[in-house]
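Take a look and give me a structure for this.
(chains A and B)
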Amino acid sequence: MKNTTTILKILKDILLKNFLNIVFFLLALFFVVVLRKDRVGGVEMVFLDVGQGDAILVQQDNFQILIDGGPDDTLLYELAKYLPWYDKRIEVVILTHPHDDHLAGLMLLLKKYEVGKVLYAPVNSRNAGYEYLQSEYPNLLEEVVAGDSFRYKDIYFAVLYPFEGESLQGGNLNNWSVITFFYINGYKILLMGDGEVELEEELLEYDFLRNIDILKAGHHCSKSSSSEEFLSFTEPEVAICMCGEKNKFGHPHSETLQKLKSRNVQYFVTYEEGSMRIRF
Amino acid sequence: MYLRVFHTVRIVWEKFSKRVVGLFRFIMDYKIILFSLSYIVANSLSIFLLRNIFEMTSIGWASFWIFLLSSLCTLLLLKILKGKFSKGEEGGEYKGKASFKIFTLSFSFVSVLLLTLVRNMPIILNESEVLKNSEGFTESSTRFRVYIAEEIEEKHTRQQVVVKLLEDIYFEKKILDKNSSFLLLKLPSFYKFKIGQVCEVEGLLTEPENFEEFDYRKFLANKKIFFLMDNPKIFCKKIEDERRGNFLKNSLVDLKIKLIEKIDSVLNEPQSSLLAGILFGQKRLFSRSFEEAARVSGVSHIVAASGYNVTILSIAINKLFFFLPKRWKLIASLIVIWIFAILSGFSASIVRACMMGSVSIIALFFGRSNSVHVALPFVAFLFVLFNPFALSDVGFLLSISAVFGLVYIMPILVSLKEKVTKRYAFLDDFVLPTLSCTLSTLPLSVFTFKTFSIWSVPVNTLVLPVVESTMLFGFLALLFQKIFSPFSYIFFSVVNVQLKYFELVVSFVQKLNFGQVSLSDTTSRIVSLVLLFCFVVLIIFFYPIKNEKYNHYLKNS
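Model (predicted):
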């Protein structure tokens, strides 16, 4: 009898002293086992607010596709808000073109996350980050051209540009952006990278681009992209402009916004809305 | 009524003055405290003097000699006066004794000052020598070999790499000696470096420039850095081919980085950085908004990896092994915190905190034994002796004040609590240690982080006990990652939830948007000084002393 009371007392002592530990242990079990916080259910696409630059996450279960990485380490903090907590592997990364507002964040991602592969279209560029990417991570890099496509469960995407055998005409890297078309549960999404009018013209031959649902407007909604012709061809429901607040380029350009308005296209700007999550 | 108030004030004043005198007697009795304290004060003074002298060149030298001569004269004078007074008839015994004490005090202070001057002279001489030639060094682009001397510090835009020269740099007529200084390279964050890596660097040296309200030049000079290089061209060898620097340090840092990569491979930001900071004292980058939130809620010291966590750890171990006898607990905590020091790659902040922590462990176990009062200033002295610029390092000051809180504020809180109630023993374990650390670091955090927040104490009390158990679970998670990964997954999920809670509390407080004041430079100084003064007075007044009536130092004063 005496022994039992001492044992009980010791147990009570242990419980009291480790009260917090036990509470958190149970909480953690609850989150992981009951709420399944370690995976994403359906498909979701997140337009990340990374300042003046692009970063778009597409994920289902524990499978992630990231398009561009924004201009700095903001990507890492924004990404963390949407990834399942135990998942530090991004299966596919797409680099549209080697400008710092798309590449710099990706380079930091490569340091902190495990990356399956990086899809890109090689181009001549003296960007220090780009050169480092090619020299340091050659086995991750995979070239893509128009026609390449990819599928994971409900996520399907195809590369529309650049065309095979062609090379960049003129010095504008923006027009060498990798353009991807996502088809998720019947929704059509077109991600234009920094593509400008010249590039848009090349896309007009794809008939399936008529009547798309979401357009990530080219070049941060600058004046040089989203021409009348292109907009009337694609007729997007929603357009998204990815820009930082008070950026020195004056993006999004009022002319472009006016064009969108006149066509009744609902548009969202990342610095106004913050990161935007769309569930399909 | 007035009389009564007057009476109480008088009693309070009497008790206070008695205690102050007792304190002085105590310090005078333990010469080692006296020596340590005066060395620390003299050290700062001598650095200040030497820097001013060398910056003023010719006039400076004159004033230096004047200073030296005058201090010698004072010494001589004191010696003579001392002889005279001890012979004096009118002074009486007591007066003679008091003045004798003052003489010995000032005599020893001046000699300690001279000692620190000798200690700091070569450092400051080197500094002035390099700075004198600085114009010659910053004119043209140069190419030279270096190795990476310290761990890389990441900033939002760039990473900062401290390198040591492997060869002297020759400018037209001047030479930058390879041992005279370190260089700071600012490079894009995507480069991956390892400590000890040998690189070839090409670029233009520049002198650091001060920011608003921040003496960046002095800050760097204290780390022996006098030149920067912005965006140089850099070509690094693989560490397998060539590696320089201290072998032990390199391999310990490698080990730590490997463990941190393990954390990074599981947890997302800011949880991964928080855990790296809490477990290894690693200084990491947080998003700007989180940094701001941490500052507002007064937990910057956890985020800034001050080594404060070691103090927390020592408390936690004490709790965890509560079933062991005292002696074993003492040994267990000492072993554990020094293992942490090793795991942290002997990073300066952690080692410092471990020394302090060892002192605080002794304090916690032996209660109010005098050894702590002696050990605390002595350890501080050792640090200042080893690195004369230690006092300008916020982390060092934070860990000292945390221990100070445990030794001097906690007994007061415990006795206050016991007066109110004898129940709620868990308060002693969970709330009081963190509360006393928070209080004791408050003046300093107001001074450095320039915010005064009413949230600091409640948030720390809410968060620090969790941080303790995060240390435990984080450690277990890392341990099991190799052995049995499902366990590791469970432990990491606990850590994740705990740190989510941390994040939640901190960002909740930020959203409240009241209760915190951003202070200007001067006001923050004033507020922190006032706080410090109040704390000192309160500690002197309330510090519980056993058998106060019969205390040797309080008798007859």
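
where do the strands sit along chain B?
Assignment of strands within chain B using DSSP state E yields the ranges B:142-148, B:153-154, B:158-165, B:169-170, B:175-176, B:182-188, B:198-203, B:205-206, B:225-230, B:233-236, B:451-453, B:516-518.

Of all the ones you listed, which one comes closest to chain A?
Minimum separation from chain A across these (C-beta to the nearest C-beta) falls at strand B:182-188, 6.2 Å. Any C-beta I mention is one placed from the backbone N, CA and C, and that applies to glycine too.

Would you confirm that residue A:66 belongs to a strand?
Yes - the assignment for residue A:66 by DSSP: H, G, I helix; E, B strand; the rest coil puts it in a strand.

quick one: it and residue A:57 touch, right?
Yes - with contacts counted by C-beta atoms under 8 Å, residue A:66 reaches residue A:57, the gap being 5.4 Å.

So which of the strands of chain B is nearest residue B:123?
Residue B:123 sits nearest to strand B:225-230 of all the strands of chain B, at 12.4 Å, using C-beta to C-beta.

Next SSE downstream of the helix ranked longest in chain A?
If you go by DSSP state H, chain A has its longest helix at helix A:2-17. As assigned by DSSP states H and E, the chain's next helix or strand after helix A:2-17 is helix A:19-29.

Can you give the distance of that next one from its chain's centre?
34 Å (C-alpha atoms, centre = their mean, to the nearest Å).

Flag every residue of the stretch 401-550 of chain B that's near chain A.
Counting by C-beta under 8 Å from any C-beta of the partner chain, the residues of the stretch 401-550 of chain B close to chain A are B:426, B:429-430, B:465-466, B:469, B:472-473, B:489-490, B:492-494, B:496-498, B:501.

Let's see which of the residues you listed end up in helices.
When DSSP H is applied, those are split such that B:426, B:429-430, B:465-466, B:469, B:472-473, B:489-490, B:492-494, B:496-498, B:501 fall in helices.

Show the buried residues in those residues.
B:429-430, B:465-466, B:469, B:472-473, B:489-490, B:492-494, B:496-498, B:501 (16 or more other C-beta atoms under 10 Å in any protein chain shown).

farthest pair in these?
Greatest spacing in those, by C-beta to C-beta: B:429 and B:489 (29.5 Å).

tell me the contacts of whichever residue of the stretch 151-280 of chain A sits closest to chain B?
Going by C-beta to the nearest C-beta, chain B is nearest to residue A:274 of the stretch 151-280 of chain A, at 11.4 Å. By C-beta atoms under 8 Å, 6 or more residues apart in numbering or on different chains, residue A:274 lies in contact with residue A:49.

if I look at residue B:352, how far off is residue B:225?
Distance check for residue B:352 against residue B:225: by C-beta to C-beta, to the nearest Å, it reads 20 Å.

of those two, who's got more company?
Taking other C-beta atoms under 10 Å in any protein chain shown, residue B:352 and residue B:225 do not tie; residue B:352 has more neighbours (27 against 18).

sorry, back to before: in a markdown table, list the strands of chain B along with mean pLDDT and distance to residue B:434.
A markdown table is the format used below for the strands of chain B (pLDDT from 0 to 100; distance: least, C-beta to C-beta, whole Å):
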| stretch | mean pLDDT | distance to residue B:434 |
| --- | --- | --- |
| strand B:142-148 | 85 | 37 |
| strand B:153-154 | 82 | 28 |
| strand B:158-165 | 87 | 32 |
| strand B:169-170 | 76 | 50 |
| strand B:175-176 | 74 | 48 |
| strand B:182-188 | 88 | 36 |
| strand B:198-203 | 86 | 44 |
| strand B:205-206 | 82 | 44 |
| strand B:225-230 | 85 | 36 |
| strand B:233-236 | 84 | 44 |
| strand B:451-453 | 74 | 16 |
| strand B:516-518 | 75 | 20 |
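
Having no further points to raise, I will conclude here.
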